[in-house]
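Engineer: Requesting a structural model of the entry that follows:
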Amino acid sequence: MNIAVIGTGYVGLVTGTCFAETGNMVTCVDIDQEKVERLSSGKITIFEPGLEKLFERNAKEGRLKFTTSLSEGIKDARIIFLALPTPPDGDGYADLNFVLGVSDNLGKLLENNDYKIIVDKSTVPVGTADKVRFIILQSAKEAGIKNAEELFDVVSNPEFLREGVAVDDFMKPDRVVIGTSSEKAKEILGQLYAPFVRQGNPVIFMDEKSAELTKYAANSFLATKISFMNEIAQLCERFGADVDMVRKGMGSDGRIGRRFLFPGIGYGGSCFPKDVKALSKSAQQVDYNFKILEAVMEVNENQKIHLLPKIKKYFNNDLNGKKIALWGLAFKPNTDDIREAPALKLIEELIKEGASINAYDPEAMANVKREIGHSISYGANQYDVLKEADALVIATEWSEFRTPDFNKIKSLLKNPAIFDGRNLFDLYQLKDFDIHYESVGRAVVN
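Structural biologist: Now for the predicted structure:
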């Protein structure tokens, strides 16, 4: 099939590349001239394991192209995916300006006898498909296009991609959710997704509003599990219990499951913070106070600085002039995404206390430099940042941090102290190295 993907951000680039991998002809459209030029010259613009190889292969074979021209991009496309940003506005609502702006332009470009499916791939509030449909139809009528309502359908097809494993998530999805009342759209999209669900995972058809709400509900529930476990970790520290044992006891219950029960210093990224806030705000619009989500957000914000009082206590409440080594800047491993990253909030608070930061991350340092510049220092590797540091703080659970040389850590630090926001190390292992070790929801090792 001929497909257009509007937007070459994280979702758009993964979507376009993976559809091209199954033999579709994909044209990606973006208004960013520099980005389009980079992509057209074969340079990928995001870090995502496994994506670069697929990107290079499909671009080379002519199945994946890029343009800044919307009319050129959709000319031959039967299906148009809207993979546009929906950032929170000043009040926390999802900003639909990009989605609705493109919809207005699409209406003007409809042509008689050229049926197209417009797919909301972006995470959007309930009712967005109706708004997109209305704007496209209004714009088409203003452009003098006859029988415009017969030329397109609007579908909600939310993405469920986890950064770091997005290619696997797309190529082998747990489920595909498609919201549409059009039988024609169902048939075409069912054919499009058939190669991805050959092992029997379901394509679930539903109405547009239910599909839109499904994405918000899924992300908000996962965020709730994380915040709930972080609350349990707080209790573990106060009672002297071990959160790892509690987690294992809970996770073995099939009704609960093992995933998303790992405590830490909070969630971040492009999805959970934005989607939880947007669903809470959407609830307010229909006069419903979603109390659980309000608590989830409050717990998560507090959890981002959970290590701060531990660090302050170790240094007798005086961090002025202390040099802190920091491992991890991305909000999670296997990505360079720093949106809502807990590390950035912790850095901000440490600097307020008078500390200086020397940080290392395998992928995210360039993005952090663009965000906060040289208010902190950056190391060449994970051990480089330890030199003359007063303590080590771990904010992201990159695999290369999991089995470090503890003797080397101890020799480089001024004080043998580690504050681990991701519970990477075994408590008994640390006892052999005479290192002060504090984590989340577990005993202190001295």
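Engineer: Export only the CA atoms of stretch 438-446, formatted as PDB.
Structural biologist: Output in PDB follows, covering the C-alpha atoms of stretch 438-446 (Å, rounded to 0.1, in the frame of the first residue of the first chain):
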ATOM      1  CA  GLU A 438      21.400   3.600  49.700                       C
ATOM      2  CA  SER A 439      18.600   2.700  47.300                       C
ATOM      3  CA  VAL A 440      14.800   2.800  47.200                       C
ATOM      4  CA  GLY A 441      12.700   0.800  49.600                       C
ATOM      5  CA  ARG A 442      15.600  -1.300  50.900                       C
ATOM      6  CA  ALA A 443      18.000  -1.300  53.800                       C
ATOM      7  CA  VAL A 444      21.000   0.900  54.000                       C
ATOM      8  CA  VAL A 445      24.400  -0.800  53.500                       C
ATOM      9  CA  ASN A 446      27.300   0.700  55.400                       C
END
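Engineer: domains for the protein, by residue range?
Structural biologist: With domains defined by automatic domain parsing, the chain comprises 2-206, 216-301, 304-438.
Engineer: Turn the ones you listed into a markdown table, including mean neighbour count and mean pLDDT.
Structural biologist: Any C-beta I mention is one placed from the backbone N, CA and C, and that applies to glycine too. Converted to a markdown table, these look like this (neighbours: other CB atoms under 10 Å; pLDDT from 0 to 100):
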| stretch | mean neighbour count | mean pLDDT |
| --- | --- | --- |
| domain 2-206 | 18 | 96 |
| domain 216-301 | 18 | 96 |
| domain 304-438 | 19 | 97 |
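Engineer: Any chance of TSV for the ones you listed, columns distance to Asn446?
Structural biologist: Formatted as TSV, the domains of the chain follow (distance: least, CB to CB, whole Å):
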stretch	distance to Asn446
domain 2-206	34
domain 216-301	15
domain 304-438	6
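Engineer: Relative to Val445, which of those domains is closest?
Structural biologist: Judged by CB to CB, the one of the domains of the chain that comes nearest to Val445 is domain 304-438, at 4.1 Å.
Engineer: so how far is stretch 201-210 off the chain centroid?
Structural biologist: 22 Å (CA atoms, centre = their mean, to the nearest Å).
Engineer: That stretch: end-to-end distance?
Structural biologist: Stretch 201-210 has an end-to-end distance of 19 Å (criterion: CA to CA, to the nearest Å).
Engineer: and if you look at stretch 175-195?
Structural biologist: 13 Å.
Engineer: now the strands: where do they sit in the stretch 101-250 of the chain?
Structural biologist: In the stretch 101-250 of the chain, the segments counted as strands under DSSP state E, counting those that start in this stretch are 116-120, 152-156, 176-179, 203-206.
Engineer: and the last one, what does it pack onto?
Structural biologist: The elements that strand 203-206 packs onto, with contact taken as 3 or more CB pairs under 8 Å, 6 or more residues apart in numbering; DSSP states H and E, are strand 176-179, helix 183-193.
Engineer: And for the shortest one, what's in contact with it?
Structural biologist: When you say that, I think you mean strand 176-179. Taking CB atoms under 8 Å, 6 or more residues apart in numbering as the criterion, the residues outside strand 176-179 that touch it are 129, 155-158, 160, 186, 189-190, 193, 196-197, 201-212, 214-215.
Engineer: if we go to 6 Å?
Structural biologist: Among residues not part of strand 176-179, those counted as contacts by CB atoms under 6 Å, 6 or more residues apart in numbering are 156-158, 189, 193, 203-208, 211, 214.
Engineer: With distance to Arg78 as added columns, please give these in CSV.
Structural biologist: Converted to CSV, the contacts of strand 176-179 look like this (distance: CB to CB, whole Å):
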residue, distance to Arg78
Ser156, 18
Asn157, 14
Pro158, 20
Leu189, 10
Tyr193, 14
Val203, 18
Ile204, 22
Phe205, 18
Met206, 22
Asp207, 22
Glu208, 19
Ala211, 20
Thr214, 25
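Engineer: Out of the strands of the stretch 101-250 of the chain, flag the one nearest Ser270.
Structural biologist: Sorting the strands of the stretch 101-250 of the chain by CB to CB, the top spot, which is the nearest, belongs to strand 116-120 at 16.5 Å.
Engineer: So what touches the closest one?
Structural biologist: Residues outside strand 116-120 that contact it (CB under 6 Å, 6+ apart): 79-82, 129, 152-157, 185.
Engineer: Which neighbours in the sheet does it have, and how are they oriented?
Structural biologist: Strands flanking strand 116-120 in the sheet, each with its direction: strand 79-82 (parallel), strand 152-156 (parallel) (DSSP bridges).
Engineer: could you dump the ones you listed to JSON lines with distance to Lys277?
Structural biologist: Written out in JSON lines, the entries for those read as follows (distance: least, CB to CB, whole Å):
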{"stretch": "strand 79-82", "distance to Lys277": "21"}
{"stretch": "strand 152-156", "distance to Lys277": "20"}
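Engineer: So which of the ones you listed is nearest Asn289?
Structural biologist: It's strand 152-156; of these, that one is closest to Asn289 (CB to CB) at 25.7 Å.
Engineer: so the closest one versus helix 183-193, what angle?
Structural biologist: Using axes from the mean of the first three to the mean of the last three CA atoms, to 10 degrees, the interaxial angle of strand 152-156 with respect to helix 183-193 works out to 60 degrees.
Engineer: Tabulate the helices and strands packed on strand 203-206 in JSON lines, adding columns for distance to Thr17.
Structural biologist: JSON lines is the format used below for these (distance: least, CB to CB, whole Å):
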{"stretch": "strand 176-179", "distance to Thr17": "17"}
{"stretch": "helix 183-193", "distance to Thr17": "15"}
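Engineer: Figure out which of the ones you listed is closest to Pro273.
Structural biologist: Taking CB to CB as the measure, the helices and strands packed on strand 203-206 were each checked against Pro273, and strand 176-179 came out nearest at 21.6 Å.
Engineer: sorry, back to before: tell me which of the helices and strands packed on strand 203-206 sits nearest to Ala20.
Structural biologist: Smallest distance to Ala20 across the helices and strands packed on strand 203-206 (CB to CB): 12.3 Å, for helix 183-193.
Engineer: Figure out how far the closest one is from the centre of its chain.
Structural biologist: For helix 183-193, the distance between its averaged C-alpha position and the chain's averaged C-alpha position is 27 Å (CA atoms, centre = their mean).
Engineer: helices and strands around that helix, which ones?
Structural biologist: For helix 183-193, the contact count by 3 or more CB pairs under 6 Å, 6 or more residues apart in numbering; DSSP states H and E identifies no helix or strand as a packing neighbour.
Engineer: and the contacts of strand 176-179, which two are the farthest apart?
Structural biologist: Tyr193 and Asp207 (18.0 Å).
Engineer: Please, where are all the helices along the stretch 151-300 of the chain?
Structural biologist: Counting by DSSP state H, counting those that start in this stretch, the segments of the stretch 151-300 of the chain that form helices are 166-171, 183-193, 208-239, 243-251, 272-285, 291-303.
Engineer: which secondary structure elements does the longest one contact?
Structural biologist: The reference is to helix 208-239. For helix 208-239, the elements it packs on are strand 152-156, strand 176-179, helix 243-251, helix 272-285, helix 291-303, judged by 3+ CB pairs under 6 Å, 6+ apart.
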